[in-house]
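Chemist: Build me a model from this:
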Amino acid sequence: MEFAVEHAALAAGAAALAVVAVLALIRPRRHARGGPVSLDHLGEPRSFCFRDGYLVSPERGTGFLLSRPVNRLAAWDELRAALSDLIPGVEAAMDALARTGESFRIEGRMGRDRLHLLGLRDGEELRITLAAADEAQDSIRIDVPILAALEAENALLLQSHAAAPGLAWVLDEEGRVIWANGRYMAEVERCLGPGAAAGWPIPALFPGHADAPDGPARRRLGAGTPAAAGAADADGTDSWFEVTMAPPEGGLRHAYAQPLGRLIEAEENLRRFIETLTRTFTALPTGLAIFDRGRSLVMFNPPLLEMTGLDGAWLAGRPHLADVLDALRERQRLPEPRDWRAWRDALVATGSGEARGDWHETWTLATGQSLRMTARPQADGAVAILLEDVTAELSLARRRRSDGDALAALLDAGEDAAAAFGPDGAPLHLNVRMRELCGFEPDAPPSLDAFLARLATLCAPSPLWGEIRDLGRGAEPRADWTETLAHLCGEPLEVHVLPIPDRRLALRICGDFSRLEGSRRVATLRDVAGALGSAAAVPDDGERRAVGGS
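Modeler: Modelled structure (predicted):
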């Protein structure tokens, strides 16, 4: 009997030593005040509630997980360190919970017991629950509020997946679809008919993608399968998706897909638009080169090659605008400016900084060809260079100017006084006789109103000048006519009025101009008298005749 009691005592002592040894391996630390660690029974769930890192739940049931007395400010770190000795991955899960509120459920083992650790965010609070069960038990006691919150969160995630506009599904190790959201199921029924999503396994809309590399890729819906027949519309844009494959995890692989119908349609419209622009630019007689905001060439047309002689293959390499200008300089396709580098840098900077307006230049080449260059900034920082061959235009302008000079010389050599005015009353030409008659200097041609006012002072009163003024201001044109007026000196003058196209007007005055040498002095006296407002300054008829006859 004594032997049995002694044997039982030895067995109990050995068991106690074993428990102490396990505790020493699991948690080799002591209380803050040096007291030994005690092991509580884990059959009941242990719950810990934290707010801003502070333990707000009661100290009861903390067990060996926290030191005694409990330091509520350091309880989170102590619990994290204690649980990390029991369950792998606890540290990362608790850090994610504290940082982003990501819930977790982790399982571990301690001897024959199964450990279950749950964590979630409840408003401003973080809740951690630890429960254990013997290996032989079929059930485990869980904190009911924690479990309800996790179930609500799981339902929210499922609802979010069901309402998502994109497709989402999960593949197992064999590449079978074992879960899919509502958008995926709706696409299955649209492609394969009603009831197609009720079978198992779930039909694969993108066959062969189980081994696809991670990341996004553009895939056509059901290519080569019955799904393709009902998936696409007339132009096939509805059958394209961007499929994103996630890396495998735990034998499962998540996949997501976004429809690309509108994007494909926009790309097709853009492609057709660019083709139309290219054909239009090709048919233009103007050379065109478009440079992006970095001044790299992005587009050019064939007339540019003809005008510049640049290599099309070299331009296709998207050279910089400065390099294009250097190449034109080497080929002598632009005039040499006084300061080449400053000119080139200024042209490259067109559209940036204070250089906001268009840049216009006319290049006259050694070959006799003339090119009009226009640098036009765009709203996005790009710049367009346009080259126009204006050789014929400038030649025609020079010819017209030469013809005008010849006509002016012919009028100056005539015996009659002649003048011509534009539709706005601006002078086109006054010959020598007309300037001598009216007293105008060659470098100060008068407007139509000033011209008529001067003639009215040289001749007897007549309504002719008012009729000519109305005609110059847009009155209904009439045929040319001639009227005879008396000069102040008594000499008759024939005034020929010649309306010409485009509301222009010409006058021709005929008379014996040898007897009118004093007319300018008389006109000058009348102008002075008008300015002074004195009638005494204006000669009477006898004085006028004396002046005219002197």
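Chemist: Nearest residue to the middle of the chain?
Modeler: In the chain, the C-alpha closest to the average C-alpha coordinate belongs to Asp380, at a distance of 6.4 Å (C-alpha atoms, centre = their mean).
Chemist: In three-state terms, how would it be classified?
Modeler: coil (DSSP: H, G, I helix; E, B strand; the rest coil).
Chemist: For it, give me the pLDDT.
Modeler: Asp380 is assigned 81 on the pLDDT scale.
Chemist: gap between the nearest residue to it once chain neighbours are set aside and Pro377?
Modeler: Distance criterion C-beta to C-beta, 6 or more residues apart in numbering; nearest residue to Asp380, sequence neighbours excluded, is Arg293 at 6.4 Å. Yep, even glycine has a C-beta here, placed from its N, CA and C like the rest. Using C-beta to C-beta, to the nearest Å, Arg293 is found at 10 Å from Pro377.
Chemist: Could you do Arg295 as well?
Modeler: 11 Å.
Chemist: Look at those two and report which has more neighbours.
Modeler: In this view Arg295 and Pro377 are compared by other C-beta atoms under 10 Å, and Arg295 has more residues nearby, 21 against 17.
Chemist: The closest residue to the more buried one other than its chain neighbours: neighbour count?
Modeler: Nearest non-adjacent residue to Arg295, counting by C-beta to C-beta, 6+ apart: Leu321, 4.2 Å away. For Leu321, the tally of surrounding residues (other C-beta under 10 Å) stands at 22.
Chemist: How about the contacts made by Leu321?
Modeler: Applying C-beta atoms under 8 Å, 6 or more residues apart in numbering, we find Leu321 in contact with 291, 295-297, 347-348, 383, 385.
Chemist: just for the stretch 151-300 of the chain, where's the confidence low?
Modeler: The model of the stretch 151-300 of the chain has pLDDT under 70 over residues 160-163, 208-211, 222-238.
Chemist: The chain too?
Modeler: 1-44, 61-64, 111, 133-147, 160-163, 208-211, 222-238, 353-356, 475-478, 513-550.
Chemist: With respect to Glu441, which of the contacts of Leu321 is nearest?
Modeler: Set against Glu441, the nearest of the contacts of Leu321 by C-beta to C-beta is Leu347 (42.4 Å).
Chemist: where's the closest one relative to Leu334, distance?
Modeler: From Leu347 to Leu334 the distance is 10 Å (C-beta to C-beta).
Chemist: what do those two both touch?
Modeler: With C-beta under 8 Å, 6+ apart as the test, Leu347 and Leu334 both reach Leu325.
Chemist: wait, doesn't Val432 sit right on Leu410?
Modeler: No: between Val432 and Leu410 there is no contact, the gap being 11.7 Å when judged by C-beta atoms under 8 Å.
Chemist: And those two? Which one has more around it.
Modeler: Taking neighbours as other C-beta under 10 Å, Val432 and Leu410 compare with Val432 leading, 15 against 11.
Chemist: Look up which helix or strand the residue lying closest to the more buried one once chain neighbours are set aside falls in, please.
Modeler: In space, and not counting its chain neighbours, Val432 is closest to Asp412: 4.7 Å by C-beta to C-beta, 6+ apart. Secondary-structure assignment from DSSP states H and E places Asp412 in helix 391-413.
Chemist: just checking, next helix/strand downstream of that helix?
Modeler: Following helix 391-413 in sequence, per DSSP H and E, is strand 417-421.
Chemist: Note down every partner strand of that next one and its orientation.
Modeler: strand 427-430 (antiparallel), strand 504-510 (antiparallel) (DSSP bridges).
Chemist: Using PDB, write out every CA atom in the shortest one.
Modeler: So that's strand 427-430. Provided in PDB are the C-alpha atoms of strand 427-430 (Å, rounded to 0.1, in the frame of the first residue of the first chain):
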ATOM      1  CA  PRO A 427      -5.300 106.100-102.300                       C
ATOM      2  CA  LEU A 428      -4.000 103.600-104.900                       C
ATOM      3  CA  HIS A 429      -2.100 106.100-107.100                       C
ATOM      4  CA  LEU A 430      -1.900 109.800-107.900                       C
END
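Chemist: Mind listing what's buried along that strand?
Modeler: Applying a neighbour-count criterion of 16 or more other C-beta atoms under 10 Å, one finds 427, 429-430 buried in strand 427-430.
Chemist: who does the helix or strand following it touch, helix- and strand-wise?
Modeler: Going down the chain from strand 427-430, the next helix or strand is helix 432-438, by DSSP H and E. Using 3 or more C-beta pairs under 8 Å, 6 or more residues apart in numbering; DSSP states H and E as the contact test, the elements touching helix 432-438 are strand 417-421, helix 448-458, strand 504-510, helix 519-532.
Chemist: Show me how far helix 432-438 is from its chain's centre.
Modeler: 64 Å (C-alpha atoms, centre = their mean, to the nearest Å).
Chemist: what do you get for stretch 170-184?
Modeler: Distance, centroid of stretch 170-184 to centroid of chain: 39 Å (C-alpha atoms, centre = their mean).
Chemist: measure that stretch end to end?
Modeler: End-to-end distance of stretch 170-184: 11 Å, with C-alpha to C-alpha, to the nearest Å as the criterion.
Chemist: Just the buried positions in it, please.
Modeler: 170-171, 177, 180-184.
Chemist: Identify, from these, the entry nearest to Ala342.
Modeler: Nearest member of those to Ala342, counting by C-beta to C-beta, is Arg183, at 61.5 Å.
Chemist: what sits against the nearest residue to Pro201 once chain neighbours are set aside?
Modeler: Distances taken as C-beta to C-beta, 6+ apart put Arg176 closest to Pro201, at 4.4 Å, once the chain neighbours are dropped. By C-beta under 8 Å, 6+ apart, the residues touching Arg176 are 201-202, 204.
Chemist: How about Phe50: what's its closest non-neighbour residue?
Modeler: Leu126 (4.6 Å).
Chemist: How about that neighbour: which residues does it bridge to?
Modeler: Beta-bridge partners, per DSSP bridges, of Leu126: Phe50, Arg121.
Chemist: Can you give me the neighbour number for it?
Modeler: 20.
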